[in-house]
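Peer 1: Build me a model:
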Amino acid sequence: MRVSVVLCTHTLDRYHDLLDAVESVRKQTYDEIELVLVSDGSEAVTRQFERDFGDSKDIIITALEENRGLLKARNHGAKAATGDVIAFIDDDAIADPEWVSQLVSSYEQQDAIAVGGKMVPEWVAGKPESLPEEFYWLVGVTHRGFGPDGDREAAGEVRNTFGSNISFQSDVFQELDGFDPAVGGRKGDANLQAEEPELGNRLRSEYGRGVWYNPDAVVAHKVFEYRTEPAWLLDRAFWQGYSKRAMEVLLEESSGEESDFLGALLGEYVPSRLFGLLRAPSREKGAQLLLLFVLTAMVGTGYLYGLTKYR
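Peer 2: Residues are numbered from 1 along each chain as shown. Now for the predicted structure:
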């Protein structure tokens, strides 16, 4: 089984991070891999790709003539790919050496049509004291409560995983016409962040199956300092709430993952955190409980704003 890993970027601003991502893909224990590098409308990036990787037989370099956004760049890379499976990773992520091997194992053992894995944090400026694990999804990390029956350490079917650790059988991805640029990727409605859920929903609608989640297929996401600042987190939470409302309207058959998580958050995680704080008070526990309430309120506020836009 040949696996094509698609990696997109549109700027040289974090090119050194992209090189880390490339290196992690090239150091995979699985052999049948090609890397598809997509320059999203940047001549400077394309030239740098050619200088650094132009002679590499296992790397395809392709470019969009103008900046079209992440989702169109991913779709473009998928069309250039030649593998049986198309996997996606972001330019600020680092794949575990066994990542592709674990993805392939799930395809073979589960007869899967799409497979994703767990995102873990790579805290660039140190782990923030106040960010609760229930809201790690705000920084692109697999959160407490994700996964089959809310267990992120258990394998099983889910609607979708993060876009930096998701893969599809090539023919399935092409049959679905890839990601829909209208629902994210910093184009169209710039504040809408629903690309993977939307594609996962179409996958279930067309094939009656979701993405197989393998927690042993691990990718680390670099969490830069600005992504842990309260203002950034609050803004992110607001627009995620907005996106949740949009999903209810845009996705005809929502599978209810968000409702299940909210139920677990209010019915299980908040009480357990409160009891833990009362039993053994600490500044960290208090800060996390407080931020959990604040972020939940901000998601709710974004959802209410979405009600005015998506009816």
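Peer 1: use CA for all of it now, contacts and neighbours both
Peer 2: Noted.
Peer 1: Now do the helices in the stretch 201-311 of the chain.
Peer 2: Counting by DSSP state H, counting those that start in this stretch, the segments of the stretch 201-311 of the chain that form helices are 230-250, 257-264, 270-279, 283-309.
Peer 1: What residues does residue 218 make contact with?
Peer 2: 95, 96, 98, 99, 117, 118, 119, 120, 165 (Cα atoms under 8 Å, 6 or more residues apart in numbering).
Peer 1: per-residue confidence for the nearest residue to the fourth one once chain neighbours are set aside?
Peer 2: So the one you mean is residue 99. The shortest distance from residue 99 to any residue that is not its chain neighbour, by Cα to Cα, 6 or more residues apart in numbering, is 4.6 Å, and that residue is residue 217. Per-residue pLDDT puts residue 217 at 98.
Peer 1: How much space separates residue 217 from residue 120?
Peer 2: Noted for residue 217: a distance of 10 Å to residue 120, by Cα to Cα, to the nearest Å.
Peer 1: again, but for residue 130
Peer 2: When Cα to Cα is applied, the distance between residue 130 and residue 120 equals 17 Å.
Peer 1: Same drill for residue 217 and residue 120, tell me which one is more crowded.
Peer 2: When neighbours are counted by other Cα atoms under 10 Å, residue 217 comes out ahead of the other of residue 217 and residue 120, with 25 against 19.
Peer 1: quick one: contacts for the more buried one?
Peer 2: Under the contact definition (Cα under 8 Å, 6+ apart), the residues listed for residue 217 are 96, 98, 99, 100, 101, 102, 103, 116, 117, 118.
Peer 1: Turn the residues you listed into CSV, including secondary structure and pLDDT.
Peer 2: Formatted as CSV, the contacts of residue 217 follow (DSSP: H, G, I helix; E, B strand; the rest coil; pLDDT from 0 to 100):
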residue, secondary structure, pLDDT
96, coil, 98
98, coil, 98
99, helix, 98
100, helix, 98
101, helix, 98
102, helix, 98
103, helix, 98
116, strand, 98
117, strand, 98
118, strand, 98
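Peer 1: quick check, nearest of those residues to residue 38?
Peer 2: When those are ranked by distance to residue 38 (Cα to Cα), residue 100 comes first, at 19.4 Å.
Peer 1: Can you tell me the closest non-neighbouring residue to that closest one?
Peer 2: Counting by Cα to Cα, 6+ apart, residue 100 lies nearest to residue 30, which is 6.3 Å off, once chain neighbours are set aside.
Peer 1: do the same with residue 197
Peer 2: residue 160 (5.8 Å).
Peer 1: With residue 49 instead?
Peer 2: Counting by Cα to Cα, 6+ apart, residue 49 lies nearest to residue 61, which is 7.0 Å off, once chain neighbours are set aside.
Peer 1: With adjacent residues omitted, what lies nearest to residue 141?
Peer 2: residue 119 (4.8 Å).
Peer 1: which residues does residue 167 contact?
Peer 2: The contact partners of residue 167, taken as Cα under 8 Å, 6+ apart, are 85, 86, 87, 88, 103, 114, 115, 116.
Peer 1: looking at it, the first one is touching residue 174, isn't it?
Peer 2: No. Assessed by Cα atoms under 8 Å, residue 85 is found out of contact with residue 174, at 10.9 Å.
Peer 1: if you count what's nearby, which of those two comes out ahead?
Peer 2: Neighbour tally, residue 85 and residue 174, criterion other Cα under 10 Å: the higher count belongs to residue 85, 26 against 15.
Peer 1: Spit out the contact partners of that one.
Peer 2: By Cα under 8 Å, 6+ apart, residue 85 lies in contact with 1, 2, 3, 4, 167, 168, 169, 170.
Peer 1: Pull out the buried positions in stretch 43-53.
Peer 2: 43, 45, 46, 49 (16 or more other Cα atoms under 10 Å).
Peer 1: In helices, which of those residues fall?
Peer 2: Here DSSP state H is the test, and these give 43, 45, 46, 49 as lying in helices.
Peer 1: pLDDT wise, what is the first one at?
Peer 2: This means residue 43. Confidence per residue is given as pLDDT, and for residue 43 that number is 96.
Peer 1: residues near the residue nearest to residue 197, how many?
Peer 2: Using other Cα under 10 Å, residue 160 has 27 neighbouring residues.
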